[in-house]
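Enquirer: Below are the sequence and a predicted model for it; my questions follow.
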2 protein chains.
Amino acid sequence: MKILHTSDWHIGRQFHNVSLIEDQRHVLNQIIQIAEQEKVDVVLIAGDIYDRSVPPSQAVALLDEVLDQLHQRHITVILISGNHDGAERLRFGASQMGQVGVHILADLEQLTQPVILHDQFGDVAFYGIPYADPVTVKQAFATEVSSHDEAMACLVNKIEKSLSTKRNILLSHCFIDGGQASESERPLSIGGAECVSYQHFLPFDYVALGHLHGRQYKGDEKIRYSGSILKYSFSEEKQIKSVVLVELGEQDVEHLQQIPLTPLRDMRSITGSLQSLLQQGLTDPNKDDYLLVQLTDSHAILDIMGKLREVYPNVLHLERPGLISHQPSGHAGKEQLKKGEQQMFSDFFEQVTGETMDDAQTEYLNKVLQQIHRGES
Amino acid sequence: MKILHTSDWHIGRQFHNVSLIEDQRHVLNQIIQIAEQEKVDVVLIAGDIYDRSVPPSQAVALLDEVLDQLHQRHITVILISGNHDGAERLRFGASQMGQVGVHILADLEQLTQPVILHDQFGDVAFYGIPYADPVTVKQAFATEVSSHDEAMACLVNKIEKSLSTKRNILLSHCFIDGGQASESERPLSIGGAECVSYQHFLPFDYVALGHLHGRQYKGDEKIRYSGSILKYSFSEEKQIKSVVLVELGEQDVEHLQQIPLTPLRDMRSITGSLQSLLQQGLTDPNKDDYLLVQLTDSHAILDIMGKLREVYPNVLHLERPGLISHQPSGHAGKEQLKKGEQQMFSDFFEQVTGETMDDAQTEYLNKVLQQIHRGES
């Protein structure tokens, strides 16, 4: 059986006020193509399908389209809700859709009802744990759990008791202890322990995880995060985004492969002086990428964003390490206060125009300052 | 073939800040029971399933539950989106759900793709026109329409051209010219002509209409509004809410029957003095009804709502015709301005307490007024 594991689609997400829906459509189409080319039997999506519980309608339409495309290719889909999804909304129609192979597992009460698929070796059971915080688990099962780890132990325990087939796959959306976070995940608990031990997951033949946006595995190769489909923060600049192709044999996983996704626009940072960046932008084949620009210039420049966007239209964030290194933090302000008005103005003039004041300008400034002091203004 | 026609569920609606979800669940369960008992083949819902385009999650859950209950009883469901629904959200999963008999027709592009059902006499085609304003129709079909009537003519014309079976049923959400509106429908156009002629619908064997909340037919018995499932305004106090059971024979409709729905709480108005209403409330078997109270008392009374709600917990609106008839509108204010401060205060005192001021009170008031005038306050 061939399984394609993906997660953290975050459909409808915005990044620096830019909608990523076309970028998402682009990689989701790739996933459909991969699923088709690799003749996979089932696509697993381990939560955070949408970016928020009430997604914009175009996000709803895109998910509908993707599920439909997979369904038309006779590929089963199994998905769980993540901490970003609104489970109650996401599972609308789940019962009917499940009958034709689109399984939305977003109800804790159906935790122990797996989706059963078949191959030449027999049945494979797919269990999904929709994301749930400890309070929800406590209420749902009238049990005493106070941490994410205890909640996960409780949930996995219930599933374990109901296991009846030889091969079992789990989908879960959680933060495994020791996992590498990026900057784009929303914390699962504020000030509390959000981590769970990978050891809960050892009884399963493969665990398709979601939540962490960087691809990785913890404890065992088969306990794995596919990672998000796109870079959702500049901290992910060096990450390779991919999906996991899992080949399940008679006993267990026989082969694992990470298939990279190519974004419509990459997300990366570039460093240099304004002039050099403007120059390199003219011939940059990827000038539509989403950019974090770190400018090395140490002088003030007017409308940097406007200038940069003439060659790099998708500059999203600007940093000026050049300016900062020029003025040791905390001291600049105090130093300036000691200076006289004339000196402060001439510094300001220099920062804004990039030039020093000439004699005529200095003379005029002095005249104005004198007038102000005399109260003749 | 037996068809059950309903519309204007408005799931998630609030009335005077009270959620009606339990009232809706109550009548929707009746619809499920009626469908089961009458062994209907298909339930038609002619739009305004939800009350707004982004319904609360418990509304989504309730619709999901109702569709599931009908589906479990092997009853086909065909629904269209109304002017309150967000078509793009509503049709999530439509393609998969349609395969198992839950047909969400909320895409103008699929206007000419009917749902085909069968009985002993052959095929019956069900066409749905999701609600669309003239601008949307104009854009979707690159056609020149400027009114609701022209838009409907255009849409029905497209369907007519594609008719290929002998018996054809239409679902539409619109305001037919001459129809009786209630106070709870949202106008389809502001200041424009929102009405369409019933004559567009004559080619069909039955037209299941939605939008108007009072049950009625226009032009022909088979061009019919089922009406909403609940009273959604006090203007509907005298209306009977029902669903329509349609029996389709070999040629056309053989029998029509309106089956009433019994609300969990009725919506009605009661009139009388506070004392008489409080008295009658003690033995009123329907004291949980949603009430508009018209109080005949002509004097001021403190905390009327609090007092009424002790016996009628769901008083939602209070009118005081007694007070109004006492003070001819427009004159009271001017008359009062002519009075002295003392007289005005004693009137006010009387209104609030229901008693006239005694001598000691009058004396004290005069003292206070004198102090104020002397600026000694």
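Expert: It's in. All figures in this text were calculated on a predicted structure; none of them were measured in a lab.
Enquirer: Which pLDDT does the model give the nearest residue to A:Glu355 once chain neighbours are set aside?
Expert: Distance criterion CB to CB, 6 or more residues apart in numbering or on different chains; nearest residue to A:Glu355, sequence neighbours excluded, is A:Phe349 at 7.7 Å. All C-beta atoms are positioned from the backbone trio N, CA, C, and that covers glycine. Confidence at A:Phe349, expressed as pLDDT, is 83.
Enquirer: now A:Glu185
Expert: 87.
Enquirer: Wait, it touches A:His211, no?
Expert: Yes: A:Glu185 is within contact range of A:His211, at 6.3 Å (criterion: CB atoms under 8 Å).
Enquirer: Mind checking which of these two has more residues around it?
Expert: A:His211 (26 against 21; other CB atoms under 10 Å in any protein chain shown).
Enquirer: Who are the contact partners of the more buried one?
Expert: A:7-8, A:46-48, A:82-83, A:131, A:173-175, A:185, A:188, A:225 (CB atoms under 8 Å, 6 or more residues apart in numbering or on different chains).
Enquirer: and what of A:Tyr131?
Expert: So A:Tyr131 contacts A:47, A:80-83, A:85, A:87, A:173-174, A:211 (CB under 8 Å, 6+ apart).
Enquirer: what's the neighbour count on the closest residue to A:Arg73 other than its chain neighbours?
Expert: In this structure, A:Arg73 finds its nearest non-sequential neighbour in A:Glu36, 5.4 Å apart by CB to CB, 6+ apart. With neighbours defined by other CB under 10 Å, the count for A:Glu36 comes to 14.
Enquirer: What lies in contact with the helix or strand where A:Glu36 lies?
Expert: Using DSSP states H and E, A:Glu36 sits within helix A:21-37. Outside of helix A:21-37, the residues within contact range by CB under 8 Å, 6+ apart are A:4, A:6, A:9-13, A:40, A:43, A:58-59, A:62, A:66, A:69-70, A:73, A:75, A:229-230, A:241, A:243, A:245, A:259, A:261-265.
Enquirer: For the spatially most central residue of chain A, which residues are in contact?
Expert: Centroid-nearest residue in chain A, with CA atoms, centre = their mean: A:Tyr232, separated by 3.7 Å. Contacts of A:Tyr232 were listed using CB under 8 Å, 6+ apart, and they are A:8, A:10, A:13, A:15, A:182, A:184, A:213.
Enquirer: what secondary structure does it sit in?
Expert: Each residue gets one of three states, and A:Tyr232 gets coil by DSSP: H, G, I helix; E, B strand; the rest coil.
Enquirer: count of residues packed around the residue nearest to A:Glu355?
Expert: The burial count for A:Phe349: 17, using other CB under 10 Å.
Enquirer: helices and strands around the host helix or strand of it, which ones?
Expert: Here A:Phe349, judged by DSSP H and E, is contained in helix A:341-353. Judged by 3 or more CB pairs under 8 Å, 6 or more residues apart in numbering or on different chains; DSSP states H and E, the packing partners of helix A:341-353 are helix A:359-374.
Enquirer: what's the angle from the helix it packs on to helix A:341-353?
Expert: Using axes from the mean of the first three to the mean of the last three CA atoms, to 10 degrees, the direction of helix A:359-374 lies 130 degrees away from that of helix A:341-353.
Enquirer: For helix A:359-374, buried residues please.
Expert: Residues A:Leu365 are the ones in helix A:359-374 that count as buried (16 or more other CB atoms under 10 Å in any protein chain shown).
Enquirer: which bits of chain A sit near chain B?
Expert: A:53-54, A:57-58, A:60-61, A:63-64, A:67-68, A:71, A:86, A:88-89, A:91-97, A:99-100, A:102 (CB under 8 Å from any CB of the partner chain).
Enquirer: who are the neighbours in contact with the closest residue to A:Thr271 other than its chain neighbours?
Expert: Nearest-residue entry for A:Thr271: A:Gln294, 4.3 Å, with adjacent residues in sequence omitted and distances by CB to CB, 6+ apart. Under the criterion of CB under 8 Å, 6+ apart, the neighbours of A:Gln294 are A:269-271, A:319-321.
Enquirer: which SS state does A:Gln294 fall under?
Expert: Put simply, A:Gln294 is strand when judged by three-state DSSP.
Enquirer: so what sits against both of A:Glu185 and A:His211?
Expert: A:Phe175.
Enquirer: so where's the stretch 51-200 of chain A shaky on pLDDT?
Expert: Within the stretch 51-200 of chain A, the segments meeting pLDDT under 70 span A:191-192.
Enquirer: Tell me which stretches of it form strands.
Expert: Along the stretch 51-200 of chain A, counting by DSSP state E, counting those that start in this stretch, strands occupy A:76-80, A:102-105, A:115-119, A:122-129, A:167-173, A:175-176, A:195-196.
Enquirer: So what touches the longest one?
Expert: Residues lying outside strand A:122-129 but in contact with it, judged by CB under 8 Å, 6+ apart, are A:1, A:42, A:44, A:78-80, A:103, A:105, A:111-112, A:114-118, A:152, A:155-156, A:159, A:163-174, A:204, A:248.
Enquirer: same thing with the last one?
Expert: For strand A:195-196, the surrounding residues in contact (CB under 8 Å, 6+ apart) are A:148-149, A:152-153, A:174-179.
Enquirer: how about 10 Å then?
Expert: Strand A:195-196 is contacted by residues A:147-153, A:155-156, A:172, A:174-179, A:188-189 when judged by CB atoms under 10 Å, 6 or more residues apart in numbering or on different chains.
Enquirer: Only the buried subset of the residues you listed, as a PyMOL command please.
Expert: Buried residues among those (16+ other CB under 10 Å), as a PyMOL selection:
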select buried, chain A and resi 148+149+150+151+152+153+155+156+172+174+175+176+177+179+188
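Enquirer: For A:Ile372, give its distance to A:Glu341.
Expert: 9 Å (CB to CB, to the nearest Å).
Enquirer: what's near enough to touch A:Arg89?
Expert: A:50, A:53-55, A:60, A:81, A:106, B:54-57, B:59-61, B:64, B:89, B:92.
Enquirer: of all the contacts of A:Gln294, which comes closest to chain B?
Expert: A:Ser269 (36.0 Å; CB to the nearest CB).
Enquirer: The closest one belongs to a helix?
Expert: No: assigned with three-state DSSP, A:Ser269 falls outside any helix and is strand.
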